[in-house]
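Chemist: Need coordinates for the below:
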Amino acid sequence: MSSSNGRCRTFFFEVAQSAQCGVEHMMAIGTGGGPPDLDVADIVSATSVKDGTRSFPVLQPDSGRVHRQGVVISIDHVAQTAEEKRFLHAGGGLAVEMEAAGVAERAAARGVGFYCVRVVSDLASEDMANDFNAALRDDGHFATMNILKGTLRKPLVRLPELLRLRNRCARAARVLGEFIADCRF
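Modeler: Residues are numbered from 1 along each chain as shown. Just a heads-up that it's a prediction; the model follows:
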């Protein structure tokens, strides 16, 4: 997600704002959507981050753990449909997410190195029943109550999806933590 659209998480930017903090590298770490040949909790280390018009270089962490390397596509919304996900992956993206381009842009502006590591939380073959984009706030966070209200409109379809996503994210977070703990940056 590009910082120019106002939907970037601010943590990375606040760290880099201070010239006295001695930041040498910035990182974008989190979840993302994976292509058909990856599974939930598979790790992707970006070789570059693209946001449609720009491409940002990415440093590679040193890790003995199994992971894939490839292009990470950063978009400003949740890829909700299998059709959109297939389109994004067909364009060369190994993972799709929403924040890395904004962090990469700031790292480049500060002249510091940039790392991007993602863990797969949703699969390219799946449509999402919940409309996460309707709950996406301007600051890049989700309005949880809006998601829950939408879920109650079709609970037999949307509630199982939320529970499945919660379980996947918990598993993915554990795997990502283990990967990061083993990395040398």
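Chemist: if you average pLDDT over whichever strand or helix holds N146, what comes out?
Modeler: Assignment of secondary structure by DSSP states H and E places N146 within helix 144-153. The predicted model gives helix 144-153 an average pLDDT of 93.
Chemist: and for it, what are the contacting residues?
Modeler: With contacts defined as Cβ atoms under 8 Å, 6 or more residues apart in numbering, helix 144-153 is touched by N130, D131, F132, A134, A135, R158, L159, L162. (Each C-beta comes from the backbone N, C-alpha and C, glycine too.)
Chemist: can you map out the helices along the protein?
Modeler: In the chain, the helices defined using DSSP state H lie at 11-17, 82-90, 100-110, 144-153, 155-182.
Chemist: Spatially nearest residue to E161, not counting backbone neighbours?
Modeler: Counting by Cβ to Cβ, 6 or more residues apart in numbering, the nearest residue to E161 once its immediate chain neighbours are dropped is A129, at 5.0 Å.
Chemist: Next, the contact list for A135, please.
Modeler: Contacts for A135 (Cβ under 8 Å, 6+ apart) come out as F142, A143, T144, N146, I147, G150.
Chemist: Give me the most central residue, this protein.
Modeler: For the chain, E97 is the residue whose C-alpha lies nearest the centre (Cα atoms, centre = their mean; 3.3 Å).
Chemist: what residue ranges in the chain score low on pLDDT?
Modeler: 1-21 (pLDDT under 70).
Chemist: cutoff 90 now
Modeler: Under the criterion of pLDDT under 90, the regions of the chain flagged as low confidence span 1-24, 36, 52-53, 89, 91-92, 110, 138-141.
Chemist: just to revisit the earlier point, now tabulate the contacts of helix 144-153 in a markdown table and tack on distance to L38.
Modeler: Shown next, in a markdown table, are the contacts of helix 144-153 (distance: Cβ to Cβ, whole Å):
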| residue | distance to L38 |
| --- | --- |
| N130 | 22 |
| D131 | 24 |
| F132 | 20 |
| A134 | 27 |
| A135 | 26 |
| R158 | 25 |
| L159 | 26 |
| L162 | 22 |
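Chemist: ok so, going back, looking at the helices of the chain, which is buried most?
Modeler: Sort these by mean neighbour count, taking mean count of other Cβ atoms under 10 Å, and helix 100-110 sits at the top with a mean of 23.
Chemist: Can you report phi and psi for the residue nearest to E161?
Modeler: Recorded main-chain torsions at A129 are phi -80, psi -30, according to degrees, to the nearest 10.
Chemist: OK, contacts around it?
Modeler: Under the criterion of Cβ under 8 Å, 6+ apart, the contact list for A129 reads K154, V157, R158, E161.
Chemist: Check the spacing between the residue lying closest to the third one once chain neighbours are set aside and M145 real quick.
Modeler: Counting by Cβ to Cβ, 6+ apart, the nearest residue to R158 once its immediate chain neighbours are dropped is T151, at 4.2 Å. If you measure T151 against M145 using Cβ to Cβ, to the nearest Å, the figure is 10 Å.
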